[in-house]
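Trainee: Could you look at this predicted model? Sequence included:
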Amino acid sequence: MSENYTENQLVRLIYNETNLAETNELVNIMAENQDLMHSYKEMKSTADEIRSIQFYPDPTSIKLVMEYAQSLHETAE
Amino acid sequence: MNVQTISDQELIRLYLKGNDASLETLIKRHQRSLYTTIYLLVRNRSLAEDIFQETFIKIIHTLKNGTYNEEGKFLPWAARVARNLTIDYLRRMKRDVTVTDSEGNDIFNYIQIAEESKEDFIIKQQTEHNIKKLVMMLPEEQREVLIMRNWGNMSFKEIADATGVSINTALGRMRYALSNLRKMLDKQHMKA
């Protein structure tokens, strides 16, 4: 199994896309490979950090969408 | 009835029966994810507002036409709509996606500061601001995968399908994105 392939699977693990068997396999591989364990920890901490980024639209945008939705009812009537 | 516990599918069903409040709940539930997805792709506050509105207008039309069939997976579908509209906008404007824009700094007005000291708040502001800048410095292909997975809630398979690459390419791009961000963050910490 190539290192790149395994690291790609670690990305899936970080984002909870692995099934139980895959998770167990990756955990076992990491237990025997400190470099992969290090990569996992680094990628996981980075992924956790970037999750803090969040933006909200201006409330006017939501108001305009709702007005548009309302206008569709009026047109239909 | 507690609207927070109603599923997206149920909100859509209620909206199609004429309950506009359900649509508003749906929009507000996903505004952060969708707006963040759009804003990080276009890096321009005003353009992001336009695309956000257009995304929901398109969603409304799709729902009304009865062509929506992504059961239980509203957000990834909506993120795909937003991404496609963003690409259309950028193409129309003949705009290079790598152009940077200083808009958007007012996002910190929205950060919840309850139960945080002013100092904690300032540190948090600086950290988030730095990470945001670093995300925007990533190569476009890596940034796109990062955005669609983190805020669009799309699986790597869905991202691969939407961007026309293999799942391993999508995973590889994410791996490079995380690795590049880590290097940039470490560099920043060393400077600090």
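Mentor: Perfect, I can see it now. Everything quoted here is computed from the prediction, not taken from an experiment.
Trainee: which non-adjacent residue is nearest the residue nearest the centre of chain A?
Mentor: Nearest residue to the geometric centre of chain A (Cα atoms, centre = their mean): residue A:15, 5.1 Å. For residue A:15, ignoring the flanking residues on the chain, the nearest one in space by Cβ to Cβ, 6 or more residues apart in numbering or on different chains is residue B:149 at 6.2 Å. For the C-beta atoms, the positions are set from N, CA and C on the backbone; glycine is no exception.
Trainee: okay but the one you found is in contact with residue B:157, surely?
Mentor: No: using Cβ atoms under 8 Å, residue B:149 makes no contact with residue B:157, being 10.9 Å away.
Trainee: Between these two, which is the more surrounded one?
Mentor: For residue B:149 and residue B:157, the more surrounded residue by other Cβ atoms under 10 Å in any protein chain shown is residue B:149, and the numbers stand at 26 against 12.
Trainee: List of residues touching the helix or strand where the more buried one lies?
Mentor: Assigned by DSSP states H and E, residue B:149 belongs to helix B:140-150. Helix B:140-150 has contacts (Cβ atoms under 8 Å, 6 or more residues apart in numbering or on different chains) with A:15, A:47, A:50-51, A:53, B:36-37, B:40-41, B:79, B:83, B:97-98, B:135-136, B:138, B:154-156, B:158-159, B:162-163, B:170, B:173-174, B:176-178, B:180.
Trainee: Keep only those of these that are in helices.
Mentor: A:47, A:50, B:36-37, B:40-41, B:79, B:83, B:135-136, B:156, B:158-159, B:162-163, B:170, B:173-174, B:176-178, B:180 (DSSP state H).
Trainee: Mind telling me which residue of chain B is nearest chain A?
Mentor: residue B:171 (3.8 Å; Cβ to the nearest Cβ).
Trainee: And that residue, how close does it get to residue B:34?
Mentor: Going from residue B:171 to residue B:34 by Cβ to Cβ, to the nearest Å gives 24 Å.
Trainee: Just give me the neighbour total for the closest residue to residue B:170 other than its chain neighbours.
Mentor: Excluding the flanking residues, the one nearest residue B:170 by Cβ to Cβ, 6+ apart is residue B:160, at 4.3 Å. Residue B:160: 19 surrounding residues under other Cβ under 10 Å.
Trainee: where exactly do the strands run in chain A?
Mentor: When assigned using DSSP state E, chain A turns out to have no strands.
Trainee: Show me what from it comes close to chain B.
Mentor: Proximity of chain A to chain B (Cβ under 8 Å from any Cβ of the partner chain) is limited to residues A:4-5, A:7-12, A:15, A:17, A:42-43, A:45-47, A:49-58, A:60-62, A:64-66, A:68-70, A:72-73.
Trainee: hang on, the earlier thing: could you export the helix holding residue B:149 as PDB, CA atoms only?
Mentor: What follows is helix B:140-150 as a C-alpha-only set of coordinates in PDB (Å, rounded to 0.1, in the frame of the first residue of the first chain):
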ATOM      1  CA  GLU B 140      -7.600  27.300  -6.300                       C
ATOM      2  CA  GLU B 141      -8.000  23.500  -6.600                       C
ATOM      3  CA  GLN B 142      -7.000  22.800  -3.100                       C
ATOM      4  CA  ARG B 143      -9.100  25.700  -1.700                       C
ATOM      5  CA  GLU B 144     -12.200  24.400  -3.600                       C
ATOM      6  CA  VAL B 145     -12.000  20.900  -2.100                       C
ATOM      7  CA  LEU B 146     -11.300  22.400   1.400                       C
ATOM      8  CA  ILE B 147     -14.300  24.700   1.100                       C
ATOM      9  CA  MET B 148     -16.700  22.200  -0.300                       C
ATOM     10  CA  ARG B 149     -15.800  19.500   2.300                       C
ATOM     11  CA  ASN B 150     -15.700  21.800   5.400                       C
END
